[in-house]
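1. here is a sequence together with a model predicted from it:
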Amino acid sequence: LNRNLLGAAWIFDRMADDEIERFVEALKLQLATPGEVVIFDDEEPHSLFIIVSGVVNLTIEINGRTTIIEKLTKGDVFGDVGVILGTNCPYRAVARDYAELYKLEKEDLHRLSHVTSQP
């Protein structure tokens, strides 16, 4: 596990090392294949993802055409807003090529965030 990768992700950047370690234990490595949809649009995501390697495109449909709105690479996080706020994703996250992703389930995020915020 690359500590620098996690520390660079906005969700972990203000945490102390011991706090990050609690989250590390809950991360699962997931491999996405080219063209695989990791998060579907108009659905509430159940996990957030941190890109370890590869590229993930965030796309939306405009007039029946797929448009890439953002290209994400190593260290980028996606699915986070939907998981934190409990809202549907306005985009579809699609692996452009093979991508290694750290996956953090919504339940683990909320449980560990509660523990981390305790005095």
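-> Received, thanks. Numbering: from 1, shown residues only.

2. which pLDDT value belongs to the most centrally placed residue in the chain?
-> Nearest to the geometric centre of the chain sits Phe49, at 1.9 Å (CA atoms, centre = their mean). Confidence at Phe49, expressed as pLDDT, is 94.

3. so what pairs up with it in the strands?
-> For Phe49, the beta-bridge assignment (DSSP bridges) gives partners Phe78, Lys103.

4. neighbouring strands - and their directions - for the helix or strand harbouring Asn57?
-> Using DSSP states H and E, the element containing Asn57 is strand 56-62. Counting by DSSP bridges, the strands paired with strand 56-62 are strand 65-72 (antiparallel), strand 92-95 (antiparallel).

5. and the biggest helix by length in the chain, average pLDDT?
-> Longest helix in the chain, counting residues (DSSP state H): helix 106-116. For helix 106-116, the mean pLDDT works out to 76.

6. may I have the strand holding Asn57 as PDB, with CA atoms only?
-> What follows is strand 56-62, C-alpha atoms only, in PDB (Å, rounded to 0.1, in the frame of the first residue of the first chain):
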ATOM      1  CA  VAL A  56     -10.800   6.200 -15.400                       C
ATOM      2  CA  ASN A  57     -13.000   8.500 -17.500                       C
ATOM      3  CA  LEU A  58     -16.000  10.300 -16.000                       C
ATOM      4  CA  THR A  59     -18.700  10.500 -18.700                       C
ATOM      5  CA  ILE A  60     -22.200  12.000 -19.200                       C
ATOM      6  CA  GLU A  61     -24.700  11.600 -21.900                       C
ATOM      7  CA  ILE A  62     -25.500  14.800 -23.900                       C
END
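
7. and it, how far out from the chain middle?
-> Distance, stretch centre to chain centre, for strand 56-62: 15 Å (CA atoms, centre = their mean, to the nearest Å).

8. what comes up buried for that strand?
-> For strand 56-62, burial by neighbour count (16 or more other CB atoms under 10 Å) applies to 56-59. Every residue, glycine included, has its C-beta placed from N, CA and C.
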